[in-house]
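Chemist: Got a predicted structure here, sequence first:
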Amino acid sequence: MPSEHTEVQVRPGVEDDLVALTDIYNHYVRETPITFDTAAFTPEERRTWLLSHPEDGPYRLKVAVDGTFQGNSQRILGYATSSPYRAKPAYSTSVEVTVYLAPDAGGRGIGTLLYKALFADLATEDVHRAYAGIAQPNEASTRLHERFGFRPVGTYREVGRKFGRYWDVAWYEKEL
C-alpha cells in the first residue's frame, strides 16, 4: 500500500494502462453496486472504451499514479472519465463523469485530484453540463460531487438490479 506521503500525479490515460484500469473497474463490477455491469471484463473487452477517451476533446480519461511501480509502470490509484451523456447529437455539449479508485486508495484526496484535472481539461472544450449518476447509498461519491458543485436533479428509484436487490441512482448535474 502506498504511503500517505507518496506523490500522486494525474496524467491522461494511455493504452499501457488498460490492464490496471480493467482490474480497478472489475473490483466494482464484482464487489459493489456502484456500476450496474454484472460480469467482469477482460482488458481486450475494455480496449474500445479506453480508446474512446483521447487526450483531447470532451471525452477524457485521467489517471492518478504514484511513485510505486508494478512491473514496468507506475501503480494506478484510480481514474476519472468524461463520456458522452447520450448518443443523440443535441446532447453533444453534455458529458457524464465518473471516478473509480483502487480499493485501497480511498480517503486520500485522489478523487479530488482526478476531478480537478478533468474539469480543468473540460474548461477548454465546448461542454455545457456534466452529469453524474450515483448508485445509492454512496456517501463518499455524493460528497465528492457536491464539493465540485454538482447539485441533485432527481433519483431513479430501483432502476437497477444487482446482487439480488434493486438499487436507486441519484442524478447530479454541474454547469461547466
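Modeler: Received it, and whenever you're ready, just let me know what you need. Predicted model only: the values in this text are computed from it and were never measured.
Chemist: secondary structure element for the spatially closest residue to Phe150 that is not a sequence neighbour?
Modeler: Leaving aside its sequence neighbours, Phe150 sits nearest to Tyr172 (CB to CB, 6 or more residues apart in numbering; 3.9 Å). C-beta coordinates here come from the backbone N, C-alpha and C atoms, glycine included. If you go by DSSP states H and E, Tyr172 is part of strand 165-175.
Chemist: For the chain, just list every one of the strands.
Modeler: 9-12, 61-70, 73-84, 94-101, 129-135, 151-162, 165-175 (DSSP state E).
Chemist: mind saving the C-alpha coords of stretch 77-94 as PDB?
Modeler: Written as PDB, here are the backbone C-alpha positions of stretch 77-94 (Å, rounded to 0.1, in the frame of the first residue of the first chain):
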ATOM      1  CA  LEU A  77      -4.600   4.600  -8.000                       C
ATOM      2  CA  GLY A  78      -7.700   5.500  -9.900                       C
ATOM      3  CA  TYR A  79      -9.200   7.200 -12.900                       C
ATOM      4  CA  ALA A  80     -11.800   9.700 -13.900                       C
ATOM      5  CA  THR A  81     -13.600  10.000 -17.200                       C
ATOM      6  CA  SER A  82     -15.900  12.200 -19.100                       C
ATOM      7  CA  SER A  83     -18.000  10.300 -21.600                       C
ATOM      8  CA  PRO A  84     -21.000  11.000 -23.900                       C
ATOM      9  CA  TYR A  85     -24.100  11.700 -21.900                       C
ATOM     10  CA  ARG A  86     -26.400  10.300 -24.600                       C
ATOM     11  CA  ALA A  87     -25.800   9.300 -28.200                       C
ATOM     12  CA  LYS A  88     -28.100  11.800 -29.900                       C
ATOM     13  CA  PRO A  89     -26.400  14.900 -31.500                       C
ATOM     14  CA  ALA A  90     -28.200  17.500 -29.400                       C
ATOM     15  CA  TYR A  91     -26.600  16.100 -26.300                       C
ATOM     16  CA  SER A  92     -23.100  16.700 -27.600                       C
ATOM     17  CA  THR A  93     -22.400  19.500 -25.100                       C
ATOM     18  CA  SER A  94     -23.200  17.300 -22.100                       C
END
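Chemist: Nothing else from me, thank you.
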